[in-house]
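Engineer: Structure for this input, please:
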Amino acid sequence: MVSMVDFDLGILYWAGVFIAFFSSFLIFGKQKKKMQDFLLAIWFLIIGIHLVFFVLFRSDGYLQYSYLIGYELLLPFMHGPMLYLYILSVTGVNPDKKAWLFNWLPVLLICLILSPFLILSPQDRIVVYQNNGKGYEVLSNMLKVLMNFSGVLYVSLSLLAVKKYKQKITDQFSNTEKINLNWSYYLITGIAVIWIAVIIKNDILIFSMVVLFILVAAYFGISRVGILNLSHDTERADKKGAGNELVKYYNNSPGGDMMQAIYEKLIKQMTQEKLYKDPDLNLNYVAKLLDVHPNILSKTINSMENKNFYDYINRQRVEEFKRIASLPENQKYTILSLAFESGFNSKTSFNRNFKKYMNCSPREFLKSQNLNLE
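Structural biologist: From the prediction side, this is the model:
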């Protein structure tokens, strides 16, 4: 007899199946789809199929669909690769055929490992299933270890991909507030929590969390603001041309004399034009002004200033704020208005960078200078 709790959970799981499939079809129906859209849609389909297997097998459905027994063991190994490939895509590294093959190779290996069980007749598989894998204990334990390893590996790889992306954006942009990485962190955290439940070995907890995950992931995955794709920006900059030095120096590390010359040109531009006052300033734009390749300019700043582009520009914005805040004619303005005048695009960014370079808040600094700005 089916209990009320089982009945309620059944509705929950079937709702998760519907959301997964419906979200996948919505994404496939989007216009101007990107690689990340295809990956998310495919992943939602896999999650939906996984939930269907669970709903069928938690009751006596495996008796009716005995020919499916064993194939559900492949599905957990698909989520890690899909997470990682999706994170790569939204951070500007569109996976190629080699990446697909390399990350799906473990799934193929699991197929080979499972083959002795999958070649059994459906009736024999039912017997093994009903006896909790008796006779296949070694195979079962091996799959559990590999499943847990897969979860830890792909969560770690995904976090590493986001970390690398954060480094790229600080090498290219002077303001990063509009580049929202929260979606990636939410996704990785959700999968990590589910994998913890897998390690705990509680199926009800696992698949209840999967339904919650698919609900949240579907909402944010379809409606979220896209993460900036650095590769597209770089391609546009390269097509516009970075001068003759692109051809001459692209594959070579710039020498000391060349770096010094570029650095002097950079200082001149910053001093005369105050480029840092542009809140949307980026490396490609500055490189074009100086007629150098962005990679060479980045190396120059790293070498001469021991800073990335983000830190270099925001340090100058802090110095500009200190300068204009001390002018008598500016005492009528607010702290935030002068911060915006210096090139910052938000109060949060201003306060964070000011404290980073000055080891005190803007108000503490102004007070030490006997300046009374609101």
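Engineer: Whichever strand or helix holds residue 166: what's the following helix or strand?
Structural biologist: Per DSSP states H and E, residue 166 falls inside helix 137-172. Once the chain leaves helix 137-172, the next helix or strand it forms, by DSSP H and E, is helix 182-200.
Engineer: List the buried residues of that next one.
Structural biologist: Residues of helix 182-200 classed as buried: 183-184, 186-188, 190-192, 194-195, 197-198 (neighbour count, 16 or more other Cβ atoms under 10 Å). Every residue, glycine included, has its C-beta placed from N, CA and C.
Engineer: for stretch 284-291, same thing?
Structural biologist: 284, 286-288, 290.
Engineer: Using CSV, please lay out those together with distance to residue 219, pLDDT and secondary structure.
Structural biologist: As requested, those are exported to CSV (distance: Cβ to Cβ, whole Å; pLDDT from 0 to 100; DSSP: H, G, I helix; E, B strand; the rest coil):
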residue, distance to residue 219, pLDDT, secondary structure
284, 34, 92, helix
286, 38, 93, helix
287, 39, 92, helix
288, 39, 92, helix
290, 44, 91, helix
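Engineer: which one of the residues you listed is nearest residue 323?
Structural biologist: Ranked by distance to residue 323 (Cβ to Cβ), the buried residues of stretch 284-291 are led by residue 286 at 20.9 Å.
Engineer: measure that closest one to residue 319 for me?
Structural biologist: From residue 286 across to residue 319, the span is 17 Å (Cβ to Cβ, to the nearest Å).
Engineer: same check, this time on residue 83
Structural biologist: The gap separating residue 83 from residue 319 is 42 Å, by Cβ to Cβ.
Engineer: How about residue 26?
Structural biologist: 49 Å.
Engineer: what's the answer for residue 96, then?
Structural biologist: Separation of residue 96 from residue 319 (Cβ to Cβ) stands at 44 Å.
Engineer: Would you mind telling me which of these two has more residues around it?
Structural biologist: Neighbours were counted for residue 96 and for residue 319 using other Cβ atoms under 10 Å; residue 319 has more, 14 against 9.
Engineer: and that one, how far is that from residue 343?
Structural biologist: Taking Cβ to Cβ as the criterion, residue 319 is separated from residue 343 by 11 Å.
Engineer: before we move on, what about residue 120?
Structural biologist: Residue 120 is 68 Å from residue 343, by Cβ to Cβ.
Engineer: ok, the nearest residue to residue 171 once chain neighbours are set aside - how many residues close by?
Structural biologist: Leaving aside its chain neighbours, residue 171 sits nearest to residue 308 (5.0 Å; criterion: Cβ to Cβ, 6 or more residues apart in numbering). Residue 308 is flanked by 19 other residues according to other Cβ under 10 Å.
Engineer: so who does residue 308 touch?
Structural biologist: 167, 170-171, 298, 301-302 (Cβ atoms under 8 Å, 6 or more residues apart in numbering).
Engineer: List only buried entries from those.
Structural biologist: 170-171, 298, 301-302.
Engineer: would you turn these into a markdown table with pLDDT and distance to residue 90?
Structural biologist: Output for the buried ones among the contacts of residue 308, formatted as a markdown table (pLDDT from 0 to 100; distance: Cβ to Cβ, whole Å):
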| residue | pLDDT | distance to residue 90 |
| --- | --- | --- |
| 170 | 85 | 18 |
| 171 | 85 | 18 |
| 298 | 90 | 23 |
| 301 | 92 | 27 |
| 302 | 91 | 26 |
